[in-house]
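A.B. asks: Model the following, please.
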Amino acid sequence: MTRKLLAWPGGRRVKWLVLVGWIGLLIVLQPLAGKLGDVESNDAAAWLPGNAESTEVLELSEKFQPADTSPAIVVYDRASGITAADEAKARADAVKFADGKNVVGKPFGPVRSEDGKALRTVVNVHLGKEGWEGLNEATKDLRKVAQPNAPDDLGVHVTGPTGYAADSAESFSSADFKLTLVTLLIVVTILVVTYRSPLLWLLPMISAGMSLVISQAIIYLLAKNAGLTVNAQTAMILTVLVLGAATDYALLLVARYREELRRHEDRHEAMAVALHRAGPAIVASAATVAISMLVLLLAALNSTKGLGPVCAVGVLVGLLSMMTLLPALLVIFGRWIFWPARPKHGTDPDVTRGVWTRVARLVSGRPRTVWITTTLVLGAVATLAVTLSADGLQQKDGFKTKPESVVGEEILARHFPAGSGEPMVVIAKDSAAAEVRGALQKVPGVNEVAEPQVKDGLAFVEVTLAAGADSPAAMDAVTAARESLGRLEGAEAKVGGSSAVVHDMREASSRDRGLIIPVILAVVFCILALLLRALVAPLLLIASVVLSFFTALGLAAFFFNHVFDFAGADSAFPLWVFVFLVALGVDYNIFLVTRIREESNRLGTRQGALKGLTSTGGVITAAGLVLAGTFAALATLPLVFIAELGFTVAVGILLDTMIVRSVLVTALTLDVGRWMWWPHGLFRREDPSGESAGAGISDSRNSEAPAPVSR
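C.D. replies: As a prediction, the model looks like this:
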């Protein structure tokens, strides 16, 4: 039954129905895919868990100030000192700001700094229907108004949350096309080199491209109608993941299909066997990735929670495309699509001289020495992970370049308290207003406490901090304020504002790591155990991927600290890297070990391990290069978090394909032998006596008889 179901897409008549169905789906859903940007939520508050204290303050603050507003800070500076003309200009600008796009209320300022060298005006901007893009347009208007009409030594910069949002939006808008183009170029180049055909690469790319469009449409519908949180980061990761993962599945299917074309004259039969043999491993791999991603629904942080369904949808649609559309296309076009290296019926490829045969011989000589040495080397590099600072990136450290918002914040910090314009907000019962204000004035790191505003039984207090809103000192001030106010009986005081939002996001990230990482490991173990019907092999595979994860973090820490000179990493960075590396890393182990088990049924475990490596080495390496290349494309973007994620995942995938899967897992399989399959019945099968682990590699061309096919 399973075999007939898998063979269905490549049927003589059904292949045309499959093609028409996908084209129809594309026509219907393509317009929705283009609207994905309309439902993105890119403000930090939208990512918070609903039970966070800062979220409660945001909701209560609507009684005192318009909801969904973001402050823009316009800072003027002159090295020789602000002049009367400068002040007049700033006052005139403030009047014009009030009439700007989405500006709410009256601008506050200009305020002169104590050293007389700078002015500051705070303008509240409503997000509006355009969201992040609306802030970008509003910031452009503010900058246009504030710039001097003639060349002048007066510096003018727009910073604060609105300025940062605008620069981030600008980075994403300019990078979106670039990322897609770079990703496509990487994938196409690797496919052309792998297939050595000027035409074959078109079929996987068409299938992957259709997967991406349909995934975007489905995610748009989920975001619009089911409350799924989508932001620009997850939308970009979706592009990379779908193109990379879908192409991986295509490589594995095409490789097996090419094998079967040499054994079967009828291409429909060859596809049926290829889907039957490779299909379960591909489905299991995609299911592992998708289920691992869905575990992120347990996250408290909405940005992390939203990443799970987005990636799961992309992977599952990619799987569906590669298991239906691609087989149909391959069978429709026939053998000539492989030109000039068309697989001929009745021939066998020479696998006795390839690089993976040499690796197999090397590993089979002393497998225990090989896996112990490999583990020690990877473990040594993994110890560098302790030097990775993943306590969160400040806004000013989030860009690889220095946009205007960063320059403006640096100027602001030189002349005003660093927390100016982004106050900590406290809401308490009105009866405790004076007591709350007095307690806040004693909190370390507090620079100024405004007079409470009272309304509807609540008191609203704004607190200016001495440190920047997202600095470690500000996080300490938030903690100290909550502890101090928590001791006031009956005040029911809650601390919010920009600093508290960042604090709560970091706390949620820490909580998510502690919960989600063990759950994902348990889920992946269960999937592997069910797939292999064994316990030892899944444990070893999980351990190898975790080792690869820590090694990748160690390498990342070295490059971030000593080569790229990054200030640190986002608090969500380790979890995101873990999810991608464990889910995708297990993919390659599934491809290898399922082939090893298939060969072990005939040859025994040791010979099966070597035959599995030589048979899958090339295609799995190509698949790893594709996925690593697509993630490496993220490193070209101007935002540090995305660049760090792309670099680390790419490095981890290369470790998995080049070292962990080919050397470590193969050596472990050779050393552990038939016990890999315990308690499955295969572990009771003794390897052929009198044969060394490396024997028989040279004649592996003739070790596999043609598979029978029901007609």
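A.B. asks: drop to CA atoms for contacts and neighbour counts, all remaining ones
C.D. replies: Fine.
A.B. asks: Helix, strand, or coil at Ala428?
C.D. replies: strand (DSSP: H, G, I helix; E, B strand; the rest coil).
A.B. asks: who does it bridge with?
C.D. replies: Taking DSSP bridges, one obtains Ala459 as the residues bridged to Ala428.
A.B. asks: show me what contacts it?
C.D. replies: 436, 458-460, 491-494 (Cα atoms under 8 Å, 6 or more residues apart in numbering).
A.B. asks: One more: Ser498?
C.D. replies: Applying Cα under 8 Å, 6+ apart, the residues contacting Ser498 are 422-424, 469-470.
A.B. asks: Redo those as CSV? Include secondary structure and neighbour count.
C.D. replies: As requested, those are exported to CSV (DSSP: H, G, I helix; E, B strand; the rest coil; neighbours: other Cα atoms under 10 Å):
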residue, secondary structure, neighbour count
Glu422, coil, 24
Pro423, coil, 22
Met424, strand, 27
Ala469, coil, 31
Asp470, coil, 21
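A.B. asks: So for Val363, what's the nearest residue that isn't a sequence neighbour?
C.D. replies: Distances taken as Cα to Cα, 6 or more residues apart in numbering place Ala667 nearest to Val363, at 5.9 Å, with adjacent residues excluded.
A.B. asks: ok, the residue nearest in space to the middle of the chain to Phe631 distance?
C.D. replies: Centroid-nearest residue in the chain, with Cα atoms, centre = their mean: Ile237, separated by 5.1 Å. To Phe631, Ile237 is 8 Å away according to Cα to Cα, to the nearest Å.
A.B. asks: shared neighbours, these two?
C.D. replies: Between them, Ile237 and Phe631 share no contacting residue, judged by Cα under 8 Å, 6+ apart.
A.B. asks: would you list every one of the strands in the chain?
C.D. replies: For the chain, the strands defined by DSSP state E cover 69-77, 103-112, 118-126, 155-159, 424-429, 446-449, 453-455, 458-465, 494-497.
A.B. asks: Would you mind listing the buried residues in the second one?
C.D. replies: Burial within strand 103-112, assessed by neighbour count using 16 or more other Cα atoms under 10 Å, is assigned to 103-104, 107, 109-112.
A.B. asks: Provide the strand pairings for that strand, with the direction of each partner.
C.D. replies: Counting by DSSP bridges, strand 103-112 is paired with strand 118-126 (antiparallel).
A.B. asks: What's the local residue count around the nearest residue to Trp336 once chain neighbours are set aside?
C.D. replies: Leaving aside its chain neighbours, Trp336 sits nearest to Arg342 (6.3 Å; criterion: Cα to Cα, 6+ apart). Using other Cα atoms under 10 Å, Arg342 has 15 neighbouring residues.
A.B. asks: Arg342 and Arg335, how far apart?
C.D. replies: For Arg342, the distance to Arg335 - Cα to Cα - is 6 Å.
A.B. asks: same question, Ala500
C.D. replies: Distance from Ala500 to Arg335, by Cα to Cα: 62 Å.
A.B. asks: So which of these two has more stuff around it?
C.D. replies: Ala500 (28 against 16).
A.B. asks: thinking again about what came up before, as CSV, the contacts of Ala428 with neighbour count and distance to Val478 would be great.
C.D. replies: Below are the contacts of Ala428 laid out as CSV (neighbours: other Cα atoms under 10 Å; distance: Cα to Cα, whole Å):
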residue, neighbour count, distance to Val478
Val436, 25, 14
Leu458, 23, 20
Ala459, 25, 18
Phe460, 24, 16
Ala491, 20, 17
Glu492, 16, 16
Ala493, 26, 12
Lys494, 21, 10
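A.B. asks: Looking at those, which is nearest Asp512?
C.D. replies: Lys494 (23.0 Å; Cα to Cα).
A.B. asks: Bridge partners for that closest one, pull those for me.
C.D. replies: Counting by DSSP bridges, Lys494 is bridged to Ile427.
A.B. asks: per-residue confidence for Glu410?
C.D. replies: We note a pLDDT of 89 for Glu410 in this prediction.
A.B. asks: ok, it to Gly365 distance?
C.D. replies: Counting by Cα to Cα, the gap from Glu410 to Gly365 is 60 Å.
A.B. asks: mind giving me CSV with the buried residues of strand 103-112 and columns for distance to Leu19 and pLDDT?
C.D. replies: Listed next are the buried residues of strand 103-112 as CSV, based on distance: Cα to Cα, whole Å; pLDDT from 0 to 100:
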residue, distance to Leu19, pLDDT
Val103, 51, 86
Val104, 53, 84
Pro107, 59, 90
Gly109, 63, 82
Pro110, 64, 91
Val111, 66, 91
Arg112, 68, 93
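A.B. asks: which one among these gets closest to Ser211?
C.D. replies: Checking the buried residues of strand 103-112 one by one against Ser211 (Cα to Cα), the nearest turns out to be Val103, at 40.5 Å.
A.B. asks: List the beta-bridge partners for that closest one.
C.D. replies: Beta-bridge partners, per DSSP bridges, of Val103: Val125.
A.B. asks: Ok, the one 5 residues further on next?
C.D. replies: For Phe108, the residues forming beta bridges with it (DSSP bridges) are Val122.
A.B. asks: Return the residues in contact with it.
C.D. replies: Contacts of Phe108 (Cα under 8 Å, 6+ apart): 121-123.
A.B. asks: ok, Asp656 - how many residues close by?
C.D. replies: For Asp656, the count of nearby residues is 31 (other Cα under 10 Å).
A.B. asks: I misspoke; the intended subject was Ile23.
C.D. replies: Neighbours around Ile23, by other Cα under 10 Å: 13.
A.B. asks: What's the per-residue pLDDT of it here?
C.D. replies: For Ile23, pLDDT reads 94.
A.B. asks: if I look at it, how far off is Ile214?
C.D. replies: On the measure of Cα to Cα, Ile23 and Ile214 end up 11 Å apart.
A.B. asks: again, but for Trp22
C.D. replies: 10 Å.
A.B. asks: And the two? Which one has more around it.
C.D. replies: Between Trp22 and Ile214, counted using other Cα under 10 Å, the more crowded position is Ile214 (26 against 18).
A.B. asks: what's the closest non-adjacent residue to that one?
C.D. replies: Leu29 (6.2 Å).
A.B. asks: what about dumping the CA coordinates of stretch 154-169 to PDB?
C.D. replies: Taking C-alpha atoms only, stretch 154-169 is exported to PDB below (Å, rounded to 0.1, in the frame of the first residue of the first chain):
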ATOM      1  CA  LEU A 154      24.900  71.700  12.900                       C
ATOM      2  CA  GLY A 155      24.500  67.900  13.100                       C
ATOM      3  CA  VAL A 156      20.900  66.500  13.000                       C
ATOM      4  CA  HIS A 157      20.100  62.900  13.600                       C
ATOM      5  CA  VAL A 158      16.900  60.900  14.300                       C
ATOM      6  CA  THR A 159      17.300  58.000  16.700                       C
ATOM      7  CA  GLY A 160      15.300  56.300  19.400                       C
ATOM      8  CA  PRO A 161      13.000  53.300  18.800                       C
ATOM      9  CA  THR A 162      11.500  54.900  15.700                       C
ATOM     10  CA  GLY A 163      14.800  55.700  14.200                       C
ATOM     11  CA  TYR A 164      16.100  52.200  14.800                       C
ATOM     12  CA  ALA A 165      12.900  50.700  13.400                       C
ATOM     13  CA  ALA A 166      13.300  52.800  10.300                       C
ATOM     14  CA  ASP A 167      16.900  51.800   9.800                       C
ATOM     15  CA  SER A 168      16.100  48.100  10.300                       C
ATOM     16  CA  ALA A 169      13.200  48.300   7.900                       C
END
